[in-house]
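1. Compute the structure for the input listed below.
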Amino acid sequence: MTTVKLSISSKNLNSHVNYHKPKKTYAITNNNKEQTKTDFLEQTKKKGEINQKQKEILKKIAKITLMSGMVFLTSTHPTFAAVAVPVATAQEVDIMNMGKYLITATTALGVVAAIIAYQFAGGLRIFRKGEVANKWSTDIKKGFIQILTAPFLFALLHVVVQYFLGGFDWFSMIK
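-> Down below sits the predicted model:
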């Protein structure tokens with residue numbers, strides 16, 4: 001076992017300036033044991049329980065996966081769409097266009113509101129209201145994600161309901 005002492009300090013310190021810990025010392029030890037690298041998910045499977053740090057890592061993985069999936073869905077080229085287009089009446093097309101316009105407008109308003117609220121949270125940090133600003137920032141991020149994912153979730157819910165209940169006569173009359 002080897003121990004190395006590492007000292008980090010600042011150069012050219014001014015005597016009239018009050019520095020916060022200008023010199024730090026760290027003791028670094030090296031154990032000569034071989035450490036096997038294992039995958040994070042394999043470690044959690046072996047242990048059977050997940051601690052708080054692992055939960056945070058899993059949350060980060062889930063967020064990254066969700067965001068990359070959203071990027072893929074929003075950047076998909078129109079040529080991937082189905083070639084066969086169902087025939088719709090003019091009234092159905094107008095309703096769909098109005099729905100698309102409302103979804104786009106509310107999403108745009110939500111994005112603008114999130115940007116403005118996030119700037120207010122930054123302003124709170126200027127006035128040393130860090131705790132309130134952190135709570136605001138968290139709520140703003142959650143609301144922003146909700147605004148972006150709501151149209152997809154409700155469209156998915158509509159498709160699932162149509163799939164499971166579309167064959168019943170009583171459901172066909174409701175359409």
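2. Roughly how far does F127 sit from N134?
-> 14 Å (Cβ to Cβ, to the nearest Å). C-beta coordinates here come from the backbone N, C-alpha and C atoms, glycine included.
3. hey, where'd the strands end up in the chain?
-> Secondary structure of the chain, counting by DSSP state E: strands at 2-9, 23-30.
4. Give the ranges of residues in this protein that sit below the confidence cut-off.
-> 1-2, 4, 6, 8, 19-22, 26, 28, 30-49, 72-93, 170-175 (pLDDT under 70).
5. can you list the domains in it?
-> The chain breaks down into these domains under automatic domain parsing: 1-77, 99-175.
6. Comparing those domains, which comes out most buried?
-> Among the domains of the chain, domain 99-175 has the highest mean neighbour count (mean count of other Cβ atoms under 10 Å), at a mean of 12.
7. Give me the nearest residue to K5, chain neighbours excluded.
-> Distances taken as Cβ to Cβ, 6 or more residues apart in numbering place A27 nearest to K5, at 5.7 Å, with adjacent residues excluded.
8. Just to check, that neighbour is in contact with S7?
-> No: judged on Cβ atoms under 8 Å, A27 makes no contact with S7 at a distance of 10.3 Å.
9. Phi first, then psi, for N14.
-> phi -90, psi 140 (degrees, to the nearest 10).
10. any idea how far it lies from S7?
-> The value you get for N14 to S7, if Cβ to Cβ is used, is 20 Å.
11. now T138
-> 38 Å.
12. Equivalent analysis for I147, please.
-> 50 Å.
13. now swap in L153 and tell me
-> Counting by Cβ to Cβ - L153 and S7 are separated by 55 Å.
14. And A150, by the same measure?
-> Distance of A150 to S7, given as Cβ to Cβ: 54 Å.
15. Since that was my last question, I'll sign off now.
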